[in-house]
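Trainee: Sequence plus predicted model, see below.
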Amino acid sequence: GENVEQHPSTLSVQEGDSAVIKCTYSDSASNYFPWYKQELGKRPQLIIDIRSNVGEKKDQRIAVTLNKTAKHFSLHITETQPEDSAVYFCAAGFLSIKGNMLTFGGGTRLMVKP
Amino acid sequence: SQTIHQWPATLVQPVGSPLSLECTVEGTSNPNLYWYRQAAGRGLQLLFYSIGIGQISSEVPQNLSASRPQDRQFILSSKKLLLSDSGFYLCAWALNTEAFFGQGTRLTVV
C-alpha cells in the first residue's frame, strides 16, 4: 500500500517568513495530493490540492509543487501570519469513481511567531 | 450542497464498555465513506472505508468494527473499549473528489 512521509514534524517561523513542508510517497499509482489544515480541536480542512498532471499550483500565499519522478510534493506558505498556525497534513491517493483512498502523512505543527 | 454530520462531539467511556459513533451524509448519493483515527499529536490513520451499503474494508486489525446500514450512514463500533482506543475519530466522505471531514469525536477511555 501507499506510505507517506512528512517532514518536519514541527516548524516554527517568524511572521512574514516562508514555511515549507515536504512529503514523499511510495505508490507511483497515486494521482491526487491534497493538503489539509487542522486547527486545534477542529476537523481537517482542505486548503489546496494537486493532481498528477500538474507540476505546480498556486492559491494566493499557498503553493504546492509535485515531482512525480522523485515521488515528492511540497507545500509552500509565503508571508506567514499568526493565523497560519495549525497542523498541516499532506496526503497521497488514487482518485477514481470507485474509490478515493487517501494515505496521510504524520502532520506538521506550524507555529508562526508574531 | 453536501454536509456531513458526526456525533457525539466528545465521549468519555470506561474500559470494557461498548462504543457506537455515527456519521451521516446529506446531499449526495452513494458516497465513499471513511473512518479515520487521530491519536494525540499523530497523523490520520485510516480505519475503515466503504464504497456502498454493507461493503466495509478494514485497513488495520483492531478492536473496532464498522457498518453501513444505509447509503449515507456509517457507524463505528466496539464491543469492549480499550485504553488504547482513545483518540480523535473522524468520519469523512468523498465522491471522486477530495475528502470532507466531519467535526470529529474526541473519545477518552478511562
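Mentor: Happy to help now that I have it.
Trainee: and residue 71, how many neighbours does it have?
Mentor: Went with chain A since none was named. Neighbours of A:K71 under the rule other Cβ atoms under 10 Å in any protein chain shown: 16. (C-beta placed from N, C-alpha, C; glycine too.)
Trainee: Can you look at chain B instead?
Mentor: 15.
Trainee: Check A:M111 too.
Mentor: Per other Cβ under 10 Å, the neighbour tally for A:M111 reads 14.
Trainee: quick one, what contacts it?
Mentor: A:10-13, A:85 (Cβ atoms under 8 Å, 6 or more residues apart in numbering or on different chains).
Trainee: Which helix or strand in chain A has the lowest average pLDDT?
Mentor: Between all helices and strands in chain A, the lowest mean by mean pLDDT, DSSP states H and E belongs to strand A:100-104, at a mean of 79.
Trainee: Return the distance of that strand from the chain's centre.
Mentor: Chain-centre distance of strand A:100-104: 13 Å, with Cα atoms, centre = their mean, to the nearest Å.
Trainee: Quick check on the contacts of A:M111: which are buried?
Mentor: Among these, the ones that count as buried by 16 or more other Cβ atoms under 10 Å in any protein chain shown are A:11, A:13, A:85.
Trainee: Could you tell me which of those belong to strands?
Mentor: A:11, A:13 (DSSP state E).
Trainee: possible to save the buried ones among the contacts of A:M111 as TSV with distance to chain B and pLDDT?
Mentor: Listed next are the buried ones among the contacts of A:M111 as TSV, based on distance: Cβ to the nearest Cβ, whole Å; pLDDT from 0 to 100:
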residue	distance to chain B	pLDDT
A:L11	14	97
A:V13	20	97
A:S85	15	97
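Trainee: Can you add distance to A:K113 and give the buried ones among the contacts of A:M111 back as TSV?
Mentor: Formatted as TSV, the entries for the buried ones among the contacts of A:M111 read as follows, by distance: Cβ to Cβ, whole Å:
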residue	distance to A:K113
A:L11	11
A:V13	7
A:S85	9
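Trainee: still on that earlier bit, the least confident helix or strand of chain A and chain B, any residue contact?
Mentor: Yes - on the criterion Cβ under 8 Å from any Cβ of the partner chain, strand A:100-104 is in touch with chain B at A:100-104.
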